[in-house]
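S.K.: coords please:
(one chain, ligands or ions: 1)
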Amino acid sequence: MMMCKAATRLMSKQLDAPLTARERISLRFHLMLCSACRNCEKQFSMLHRVGNAYNGTIDKPQDGTSPGATTDNVASDQDLLKVKEAMAEAETRRQN
Ligand SMILES: [Zn+2]
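M.R.: Next up, the predicted model:
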């Protein structure tokens with residue numbers, strides 16, 4: 001079975017580039033069996049989303065008329081709160 005370290009690497013990689021079929025299958029299989037990595041994946045996608053939203057904010061001109069600006073790529077306070085909670089939870093788990 002794939003190790004958690006390898007699974008984490010694939011999770012990170014899939015946010016930047018599509019995985020190969022083999023990578024995808026082994027990651028899915030690992031996630032089915034490993035709840036720690038399932039939690040980790042949630043945090044990864046959340047961080048990625050917030051990261052994108054942040055990049056979108058600083059890259060776009062601040063004139064408020066940009067047609068690409070939708071509510072989808074703006075990080076809400078709620079998203080940031082979720083990330084903070086997830087980070088705190090991960091931190092607690094590491095200490096136990
Ligand atoms: Zn794992």
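
S.K.: going by C-alpha atoms from here, please, whenever you check contacts or count neighbours.
M.R.: Fine.

S.K.: so what's the residue count around whichever residue of the chain sits closest to the ion?
M.R.: In the chain, no residue comes nearer to the ion than residue 4, which is 3.6 Å away by Cα to the ion. Residues near residue 4, counting by other Cα atoms under 10 Å, number 16.

S.K.: report the secondary structure state of the nearest residue to it once chain neighbours are set aside.
M.R.: Among residues not flanking residue 4 along the chain, residue 37 sits closest, at 6.8 Å (Cα to Cα, 6 or more residues apart in numbering). Under DSSP: H, G, I helix; E, B strand; the rest coil, the three-state class of residue 37 is helix.

S.K.: dump the residue contacts of residue 37.
M.R.: Listed by Cα atoms under 8 Å, 6 or more residues apart in numbering, the contact set of residue 37 reads 4, 7-8, 30-31.

S.K.: off-centre distance for stretch 50-57?
M.R.: Using Cα atoms, centre = their mean, to the nearest Å, the mean C-alpha position of stretch 50-57 is found 12 Å from that of the whole chain.

S.K.: please apply the same query to stretch 11-28.
M.R.: Using Cα atoms, centre = their mean, the offset of stretch 11-28 from its chain centre is 13 Å.

S.K.: so for that stretch, mean pLDDT?
M.R.: Averaged over stretch 11-28, pLDDT sits at 92.

S.K.: give me the distance between the two termini of that stretch.
M.R.: End-to-end span of stretch 11-28 (Cα to Cα, to the nearest Å): 10 Å.

S.K.: so, in contact with the ion or not, it?
M.R.: No. Counting by Cα under 5 Å from the ion, the ion has no neighbours in stretch 11-28; the shortest distance is 9.2 Å.
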